[in-house]
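Q: Next one to model:
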Amino acid sequence: MKSLKKFNLIIELEEVYSKIADYKRLGMFESHGFKLADGFILASRTMISLIGEKPFVISAGYYERELEETPSDKIIERDLAEPFLLYSGRIDGFGGVFDLIREFRSSSLEVPLVITGSGDRMAKIKQLVKNDERIQYLGNITRSKLLSLVLKNCICINPMNPMLDYAEFSFPSKIIWWLAQGKIVLSTPCPSVINSDVRNYIRFFSWSSCENPRFTTFVQAVQESIGMLASQECNSGKTSEELLALLKKQQREMHDLIAKRMCGFSR
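A: Next comes the predicted model:
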């Protein structure tokens, strides 16, 4: 289409597959796309080094607001003790879910941990949580069913290992969705997240105080967040409004970027 219709090719990068060992074939397509593209919409400033001198704009990541259940979906019927911790994402070696389970099981936290998602290690996670009453794995669920979970009294967690190359070139866009619902979001200090426009809305933690003394530990972050929920110190409405204003501003910037057809535009 680029050559036949003279369209401009603008690539939105949320994650970079060439930085993930399991996706080397997709990485070959990426390299070709990087060469052909006229400009980029990036999820994090850490990705700037990948695109050379080509025009770009920083985006907070993919965002879609869904406020109501679709007619074909039912709300999760399973009773969940609230508040609870929520991980929703890949069940593999990159999302950090197994680090989360290890740290959670070694702690004395009484708050439940709820996990949703799919991946190549679903069998392993089912085995891990089978005899642990504090952890519930709900499998892969629809977006509407996930929304019914997010709207409950929960704390959302991004446990991605910040030392992976993947963590530098992947921005978990679910963070935007969580924040837009007014949730408290905990995250490891991934470069892509720390260098995003929403970093001030996130509570960062490290798995241990020795690992990164700049941040609280996972257990401390959870305990503090539970305290915020209990005392209603978390002004979720204000956070959601501020974030939506930021997203609308970025949407206007991206619209202007595309309207100018990438001609000499850079920031």
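
Q: Every contact and neighbour count from this point should use C-alpha atoms.
A: Noted.

Q: mind listing the helices for the stretch 1-150 of the chain?
A: Here the stretch 1-150 of the chain has its helices, by DSSP state H, counting those that start in this stretch, at 24-36, 97-105, 122-129, 143-150.

Q: OK, contacts around Val153?
A: If you look again at residue 153, you'll see it is Asn, not Val. The contact partners of Asn153, by Cα atoms under 8 Å, 6 or more residues apart in numbering, come to 82-84.

Q: follow-up on the earlier one: need the helices of the stretch 1-150 of the chain in CSV with mean neighbour count and mean pLDDT, can you?
A: Formatted as CSV, the helices of the stretch 1-150 of the chain follow (neighbours: other Cα atoms under 10 Å; pLDDT from 0 to 100):
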stretch, mean neighbour count, mean pLDDT
helix 24-36, 13, 77
helix 97-105, 17, 93
helix 122-129, 14, 88
helix 143-150, 18, 82
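
Q: Would you mind giving those helices as TSV with distance to Phe169 added?
A: Shown next, in TSV, are the helices of the stretch 1-150 of the chain (distance: least, Cα to Cα, whole Å):
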stretch	distance to Phe169
helix 24-36	13
helix 97-105	18
helix 122-129	24
helix 143-150	24
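
Q: How many neighbouring residues does Gly182 have?
A: 21 (other Cα atoms under 10 Å).

Q: Give me the distance between the residue nearest to the spatial centre of the chain and Leu9.
A: Geometric centre of the chain, nearest residue: Pro172, 2.5 Å, by Cα atoms, centre = their mean. Computed with Cα to Cα, to the nearest Å, the distance linking Pro172 and Leu9 is 23 Å.

Q: Centre of the chain to stretch 103-110, how far?
A: The chain centroid and the centroid of stretch 103-110 are separated by 23 Å under Cα atoms, centre = their mean, to the nearest Å.

Q: how long is that stretch from one end to the other?
A: Calculated as Cα to Cα, the first-to-last residue distance of stretch 103-110 is 13 Å.

Q: Ok, stretch 137-153 next?
A: The first residue of stretch 137-153 is 17 Å away from its last residue (Cα to Cα).

Q: With stretch 114-134 instead?
A: Using Cα to Cα, the two ends of stretch 114-134 sit 9 Å apart.

Q: same check, this time on stretch 15-30
A: End-to-end span of stretch 15-30 (Cα to Cα): 11 Å.

Q: host element of the closest residue to Thr46 other than its chain neighbours?
A: The shortest distance from Thr46 to any non-neighbouring residue, by Cα to Cα, 6 or more residues apart in numbering, is to Ser192 (6.0 Å). Taking DSSP states H and E as the definition, Ser192 sits inside helix 191-194.
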